[in-house]
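Participant: here you go, sequence then predicted model.
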Amino acid sequence: MPSNTCRYLNALLTEGSFSKAAQFLDISQPSLSQFLLRLETEIGTELIDRQVKPVRLTPAGELFLKTERQIDQMRETCAKQIDDIKAGVRGHVVVGASDYRETFFLTEVFPVFRRLFPSIELEVAEGRTKELEEMAMEGAVDFSLVISPLYHPQSLEVTEIYTEKLLVAMSVNHPVARRFPDTTGEEYPPLDFHELDRESFIVIKKGQMMNRLYHDLCERTGASPRVVLESESMIAALALASVSLGVTLTTETLARRSATAEPIRCFSISPEVPPRTVVAAYRGDRYLSKAARELIQVMLDVAGMKFQRG
């Protein structure tokens, strides 16, 4: 929990005036003004420039708030470490994850984890890849399950959890699937992405790695598929691909485990693309609680068993 000093200064910066900040904080404006006046008297200099609208910090105020935030973070780290010492493996872990990884990974992880650590409370925060990284950077979650390479590699540390192959998926009745009959016995025969030029395509929305991969493949091969839908969900995209709305990009995990409305045909991608690496991303300068570290270990154990058995 941030100190009142950080909360009040942050509110002033965000809201831009004493009246709006007081309303946001649910305190009276005189109380907020008196608090800041006492603080400035104690420090010996003005922290807030009241002559501009919206109000802003003075240079001394910026330095002071930066230091207070660091002190708050140190207090939070200390409290977590003491809790770990006192209570053993207890606590509360917040994980950032997409709906896809919730459905096809966390549903296997959480039952195992609860059997091993029944005293630890679990919570999930949903988001897209970029949002999940930001949650980890801001400390809104203990860690996020995201795809490497990161959007912000300098800001986060990672633990690799597992990798998964990337595929092109379509209905078994799609004209492209019919042009390439299954004669080799390969589970995922290679398909040149340029073969999808002008074909209907279901794209995952911007802000997710699959969107970046789609545009990269178009650039590398010169293909220009016709986008018929931009979907938030890979699960929905694959389901719609199965009923011939269009072709989509998917993962081997999803191709194997998702119950689509109709049968699908999957191909490995040419030019070759590396498998996706799923990582637990967290702030390196924040203490990762023992409970969070145990959850990451269980994820590694479950992933090992999951991908060994295919």
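Facilitator: Good, I have the coordinates.
Participant: distance of the closest residue to Ser233 other than its chain neighbours from Leu229?
Facilitator: Counting by C-beta to C-beta, 6 or more residues apart in numbering, Ser233 lies nearest to Asp99, which is 6.2 Å off, once chain neighbours are set aside. All C-beta spots, glycine's among them, are computed from the backbone N, C-alpha and C. Distance of Asp99 to Leu229, given as C-beta to C-beta, to the nearest Å: 17 Å.
Participant: that older thread, please list all residues in contact with the residue nearest to Ser233.
Facilitator: Shown in contact with Asp99 (C-beta atoms under 8 Å, 6 or more residues apart in numbering): 126, 233, 235.
Participant: Asp142: neighbour count?
Facilitator: Per other C-beta atoms under 10 Å, the neighbour tally for Asp142 reads 28.
Participant: ugh, wrong one, Thr58
Facilitator: 15.
Participant: pretty sure it contacts Glu46?
Facilitator: Yes. Using C-beta atoms under 8 Å, Thr58 is in contact with Glu46, at 5.4 Å.
Participant: run a quick neighbour tally on Thr159.
Facilitator: When neighbours are counted by other C-beta under 10 Å, Thr159 registers 15.
Participant: let the chain start at 24 from now.
Facilitator: Sounds good: first residue 24 from here, last item Thr182.
Participant: helix, strand or coil for it?
Facilitator: Using DSSP: H, G, I helix; E, B strand; the rest coil, the secondary structure recorded for Thr182 is strand.
Participant: just confirm it contacts Gln320, I think it does.
Facilitator: No. Contact criterion C-beta under 8 Å: Thr182 and Gln320 do not qualify, at 9.2 Å.
Participant: in the chain, where is pLDDT below threshold?
Facilitator: Within the chain, the stretches with pLDDT under 70 are 24-25, 100, 103-113, 329-333.
Participant: same thing but at 80, please
Facilitator: 24-27, 92-93, 95-114, 205-208, 230, 329-333 (pLDDT under 80).
Participant: show me where it has helices.
Facilitator: Under the criterion DSSP state H, the chain carries helices at the ranges 27-38, 41-48, 52-66, 82-110, 122-124, 130-139, 152-161, 198-202, 232-244, 257-265, 275-280, 313-331.
Participant: to Phe216, which of these lies closest?
Facilitator: When these are compared by C-beta to C-beta, helix 232-244 sits nearest Phe216, at 4.6 Å.
Participant: restricting to C-alpha, output that closest one in CSV.
Facilitator: Taking Å, rounded to 0.1, in the frame of the first residue of the first chain, the C-alpha atoms of helix 232-244 are listed here in CSV:
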residue,chain,number,x,y,z
MET,A,232,2.2,-11.4,-31.0
MET,A,233,0.2,-13.3,-33.6
ASN,A,234,-0.7,-10.0,-35.2
ARG,A,235,3.0,-9.1,-35.5
LEU,A,236,3.7,-12.6,-37.0
TYR,A,237,1.0,-12.2,-39.6
HIS,A,238,2.3,-8.9,-40.8
ASP,A,239,5.9,-10.2,-40.8
LEU,A,240,4.9,-13.2,-42.9
CYS,A,241,3.1,-10.9,-45.4
GLU,A,242,6.2,-8.7,-45.7
ARG,A,243,8.6,-11.7,-46.1
THR,A,244,6.5,-13.5,-48.7
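Participant: if I look at the residue nearest to Ser256, how far off is Gly114?
Facilitator: In this view, Asp122 and Gly114 are 25 Å apart by C-beta to C-beta.
Participant: dump the residue contacts of Arg299.
Facilitator: Per C-beta under 8 Å, 6+ apart, neighbours of Arg299: 170, 186-187, 189, 232, 274.
Participant: would you mind measuring from it to Leu277?
Facilitator: Distance, Arg299 to Leu277, by C-beta to C-beta: 11 Å.
Participant: re the thing from before, ok, which of the helices of the chain comes nearest Gly307?
Facilitator: helix 152-161 (10.5 Å).
Participant: count of neighbours near the nearest residue to Gly269 once chain neighbours are set aside?
Facilitator: Using C-beta to C-beta, 6+ apart and skipping residues adjacent in sequence, the residue nearest Gly269 is Ser223, 3.6 Å away. For Ser223, the number of neighbouring residues by other C-beta under 10 Å comes to 18.
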